[in-house]
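Undergrad: Let's see this in three dimensions:
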Amino acid sequence: MAPAADREGYWGPPTSTLEWCEENYAVSYYIAEFWNTVSNLIFILPPIYGAIQTYKDGLEKRYLAAYLCLTAVGLGSWCFHMTLKYEMQLLDELPMIYSCCVFVYCLYECFKYKNTVNYPLLFLLITYSFVVSIV
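TA: Got it, this is the predicted structure:
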């Protein structure tokens, strides 16, 4: 849990199911966990650059998907740590699940011999993502 000396901030009291070790609204009235929020830039800016380079270089779409997924994880985490709201917590956690599924599929793509789509694996990963989202 966060320290007891938390301040009231722009987003109001936290509604998330967890808080981190940082004192809330200590640095900025608008950002609940300032340093956790700022640290997410490493998950946002380099992957955006990677996605742009992947597109420019005409690489496989799986690389673009992986970079965009990592960017989504960073943006979701940014929103969560900025607000400490439950809805933003979901925006933080669910992209991690979806990204892992994309990464698993990308990993599978590395070892195949033909230019085909593995529909059973896609179905399994999409079903897994759907079930986790519902739960």
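Undergrad: ok, and the closest non-adjacent residue to the residue minimising distance to the centre of the chain?
TA: For the chain, Val73 is the residue whose C-alpha lies nearest the centre (Cα atoms, centre = their mean; 1.3 Å). Here the nearest residue to Val73 in space, its sequence neighbours aside, is Pro95; by Cβ to Cβ, 6 or more residues apart in numbering that works out to 4.8 Å. Backbone N, C-alpha and C define where each C-beta goes, glycine included.
Undergrad: Could you tell me which helix of the protein is the longest one?
TA: Using DSSP state H to assign secondary structure, the helix with the most residues in the chain is helix 86-110.
Undergrad: which residues sit against stretch 104-115?
TA: Outside stretch 104-115, the residues that touch it by Cβ atoms under 8 Å, 6 or more residues apart in numbering are 60, 62-63, 65-66, 118, 121-122, 125.
Undergrad: can you rerun that using 6 Å?
TA: Stretch 104-115 is touched from outside by 62, 66, 121, with contacts defined as Cβ atoms under 6 Å, 6 or more residues apart in numbering.
Undergrad: Alpha carbons of the strand or helix carrying the first one, as CSV, please.
TA: So the one you mean is Arg62. Under DSSP states H and E, the secondary-structure element containing Arg62 is helix 61-83. Extracted in CSV, the C-alpha atoms of helix 61-83 (Å, rounded to 0.1, in the frame of the first residue of the first chain):
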residue,chain,number,x,y,z
LYS,A,61,3.8,-7.0,-39.7
ARG,A,62,4.5,-9.1,-36.7
TYR,A,63,7.3,-6.8,-35.7
LEU,A,64,5.0,-3.8,-36.1
ALA,A,65,2.3,-5.6,-34.0
ALA,A,66,4.9,-6.3,-31.2
TYR,A,67,6.1,-2.7,-31.1
LEU,A,68,2.5,-1.4,-31.0
CYS,A,69,1.6,-3.8,-28.2
LEU,A,70,4.5,-2.7,-26.1
THR,A,71,3.4,0.9,-26.7
ALA,A,72,-0.1,0.0,-25.6
VAL,A,73,1.3,-1.6,-22.4
GLY,A,74,3.2,1.6,-21.7
LEU,A,75,0.2,3.9,-22.3
GLY,A,76,-2.1,1.8,-20.2
SER,A,77,0.4,1.7,-17.3
TRP,A,78,0.9,5.5,-17.8
CYS,A,79,-2.8,6.0,-17.4
PHE,A,80,-3.1,3.7,-14.4
HIS,A,81,-0.2,5.2,-12.4
MET,A,82,-1.4,8.7,-13.3
THR,A,83,-4.9,8.2,-12.0
